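Q: Quick one: sequence and predicted model below, then my questions.
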Amino acid sequence: MAYSNPVLAKKIEEQIVTARVGLLISQPFWGNLATRLKLVDATDDGWCTTAATDGKHLYYNRDFVAKLDIGETQFLVGHEIGHCVLDHFGRRGARNPDIWNIAGDYVINGELVDAKIGKMIRVIKPLWDTKYRGKFTEEVYDELLKNAKTIDISQLGTLDQHLPLEGDQQQNGAGESDANSNNQDQNQKNGKGQNGNDSKNGGGQADGDDQQNKASQMPTISKEQVKDLRDEFREAVIAAASAAGAGNTPGFVKKLIKDFTESKMNWKDLIRQQIQSIIRSDFTWARPSRKTWSTGVYLPGMDPEQTIDVCVAVDTSGSTQAMVKDFISEIKGIMEQFRDFKVKIWTFDTECYNVKDFDEHTRHDMDTYEAMGGGGTDFMANWRFMRDNDIQPKKLIVFTDGYPFGAWGEPDYCDVVWVIHGADNVVPPFGAHAYYPKDKKARN
């Protein structure tokens, strides 16, 4: 590419390379990952006003980077790496893109500050607040979405630009598109660009036809790329952590690696294990222990309590009838192993429907259970239903695609087991979990 300012172009490329070398020396984990991103000067393409990444490239605007010193450049590089490490492309799901990007920036910048990666950028104000320290991006998103009417989201400008995912123009999370539209309207009124920063600071975009023309040149991340990038970066994160050593690996990365490397339990085995864990045993003389008979000493044996009491909630917003039938059939098969059980089943979206009770006498009726609902996903509907009806099960088993519009629920109310279908990268903030395979053959 013929740059409009080749001298500045060369100088800025060397500045970023120098920043990466500095990270390799002082922060080897971050430095190792930084070398994976190919540098692309996108200034003359028109769409890039600060920086961006698609997981393979680090796009930058040389005029913006020229305003930064080496420490700030390291912060910028670290920020782009953070989006890749935390898989912000794949975890977004149906959430509002603008609010998700703001939440992601809060989390990444907090980690960079804690890890002392370079220094905070001054020419624009990155999103950083200690109240979000240690939180998942999903948690920050939920809080921002909850307060969207009382805070001006348009004033919360992201440090970089976030590339659109395939289908973004057609898709907004139900219940969230209004917030997205309001944010865009507010941005236009305030003379701000897509990410809420003043265009004179390099964080915004031009308005009108010029903005649309530039946006059309912006790279788009496909669904296939999201999956490939997730797999590639998981391997890269593990390799970078190994090269850097435990002492130079951030705490949140150690947790990620644990999640990456732990074997995923089969969903059927997890449910069976969790239900069996309910069983309590006690000593009884009606069943003496055989181990001590030969010595003439008689000791009491174990008497397992066989009454199993669980609730099953099925998220119908993303589940097919075939999946629901398969899931409930497995619950039935497990329950038949016990001589006495009580199962309460319902389906939900933003409310709970078709609540049915089953026991050992009515277990065959589970085969014809009908799923109802199919709107948005509100996990709290389950907790409201249980509280309103004075239900507190020993186990709550939730079958879901893992994309609620709000909170995941109340972690201290009861033990929860999540069976997640459709995405193997969603990790619930509490409870045990397993993944329902997309491949029909793998479900057996």
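A: Yes, it's here.
Q: Show me where the stretch 51-200 of the chain has its strands.
A: Using DSSP state E, counting those that start in this stretch, the strands of the stretch 51-200 of the chain run over residues 51-53, 57-60.
Q: Same list (those) but as TSV, adding distance to residue 415 and mean neighbour count.
A: All C-beta spots, glycine's among them, are computed from the backbone N, C-alpha and C. As requested, those are arranged in TSV below (distance: least, CB to CB, whole Å; neighbours: other CB atoms under 10 Å):
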stretch	distance to residue 415	mean neighbour count
strand 51-53	39	24
strand 57-60	44	24
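Q: looking at those, which is closest to residue 270?
A: Nearest to residue 270 among these is strand 51-53 (35.0 Å), distances taken as CB to CB.
Q: Pairing partners for that closest one, with directions?
A: Neighbouring strands of strand 51-53 in its sheet, by DSSP bridges, are strand 57-60 (antiparallel).
Q: Need the residues that contact the partner strand.
A: With CB atoms under 8 Å, 6 or more residues apart in numbering as the test, strand 57-60 has contacts from 12, 16, 37-43, 48, 50-53, 76-77, 80, 219.
Q: Could you list the alpha-carbon positions for it in CSV?
A: What follows is strand 57-60, C-alpha atoms only, in CSV (Å, rounded to 0.1, in the frame of the first residue of the first chain):
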residue,chain,number,x,y,z
HIS,A,57,-4.3,-8.6,12.9
LEU,A,58,-3.7,-5.5,14.9
TYR,A,59,-5.2,-2.7,12.9
TYR,A,60,-4.1,0.9,13.9
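Q: so which of the strands of the stretch 51-200 of the chain gets nearest residue 373?
A: Here strand 51-53 is closest among these (CB to CB), at 38.3 Å.
Q: pLDDT on that closest one, on average?
A: Summarised as a single mean, pLDDT over strand 51-53 is 96.
Q: Please work out which residues outside that strand touch it.
A: Residues contacting strand 51-53 (CB under 8 Å, 6+ apart): 37, 42, 58-61, 64-65, 76, 79-81, 83-84, 159-163.
Q: per-residue pLDDT, the most centrally placed residue in the chain?
A: For the chain, the residue nearest the mean C-alpha position is residue 91 (4.1 Å; CA atoms, centre = their mean). With respect to pLDDT, residue 91 has a value of 87.
Q: For it, which non-adjacent residue is spatially closest?
A: residue 425 (6.3 Å; CB to CB, 6 or more residues apart in numbering).
Q: Helices of the stretch 1-150 of the chain, start to end?
A: Along the stretch 1-150 of the chain, counting by DSSP state H, counting those that start in this stretch, helices occupy 6-26, 28-34, 62-65, 70-85, 97-115, 137-146.
Q: Tabulate these (JSON lines), appending mean neighbour count and distance to residue 328.
A: Supplementary listing: these in JSON lines, determined by neighbours: other CB atoms under 10 Å; distance: least, CB to CB, whole Å:
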{"stretch": "helix 6-26", "mean neighbour count": "16", "distance to residue 328": "51"}
{"stretch": "helix 28-34", "mean neighbour count": "24", "distance to residue 328": "44"}
{"stretch": "helix 62-65", "mean neighbour count": "20", "distance to residue 328": "55"}
{"stretch": "helix 70-85", "mean neighbour count": "23", "distance to residue 328": "38"}
{"stretch": "helix 97-115", "mean neighbour count": "23", "distance to residue 328": "33"}
{"stretch": "helix 137-146", "mean neighbour count": "20", "distance to residue 328": "28"}
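Q: Could you dump the ones you listed into JSON lines and include distance to residue 321 and mean pLDDT?
A: Shown next, in JSON lines, are the helices of the stretch 1-150 of the chain (distance: least, CB to CB, whole Å; pLDDT from 0 to 100):
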{"stretch": "helix 6-26", "distance to residue 321": "51", "mean pLDDT": "94"}
{"stretch": "helix 28-34", "distance to residue 321": "43", "mean pLDDT": "92"}
{"stretch": "helix 62-65", "distance to residue 321": "52", "mean pLDDT": "96"}
{"stretch": "helix 70-85", "distance to residue 321": "37", "mean pLDDT": "96"}
{"stretch": "helix 97-115", "distance to residue 321": "30", "mean pLDDT": "93"}
{"stretch": "helix 137-146", "distance to residue 321": "28", "mean pLDDT": "90"}
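Q: Select, out of those helices, the one closest to residue 354.
A: helix 137-146 (27.6 Å).
Q: ok, residues contacting stretch 242-262?
A: Contacts for stretch 242-262 (CB under 8 Å, 6+ apart): 27-29, 32, 85-86, 111, 114-115, 234, 237-238, 241, 427.
Q: same check, this time on stretch 115-128
A: Taking CB under 8 Å, 6+ apart as the rule, stretch 115-128 contacts 19, 23, 27, 30, 50, 64, 67-68, 70-79, 102, 105-106, 109-110, 112-113, 156-159, 197, 201-203, 250.
Q: in that stretch, what's buried?
A: Residues 115, 117, 118, 119, 121, 124, 126, 127, 128 are the ones in stretch 115-128 that count as buried (16 or more other CB atoms under 10 Å).
Q: low-scoring stretches of the protein, by residue?
A: The chain contains residues with pLDDT under 70 at 1-3, 154, 169-216, 259-265, 279-307, 438-444.
Q: Now do the contacts for residue 218.
A: Shown in contact with residue 218 (CB under 8 Å, 6+ apart): 47, 48, 161, 163, 164.
Q: Can you say which of those residues are buried?
A: So, by 16+ other CB under 10 Å, the buried ones in those are 47, 48, 161, 163.
Q: buried set for stretch 359-369?
A: 363, 366, 369.
Q: Looking at those residues, which is nearest residue 324?
A: The nearest one, if we look at these relative to residue 324 and count by CB to CB, is residue 369, at 8.0 Å.
Q: what sits against that closest one?
A: So residue 369 contacts 324, 328, 345, 354, 356 (CB under 8 Å, 6+ apart).
Q: Mind giving me the PyMOL select for those, buried ones only?
A: Restricted to buried positions by 16+ other CB under 10 Å, the PyMOL selection for the contacts of residue 369 reads:
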select buried, resi 324+328+345
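Q: Which ones among the contacts of residue 369 lie within strands?
A: The strands, defined by DSSP state E, take in 345, 354, 356 from those.
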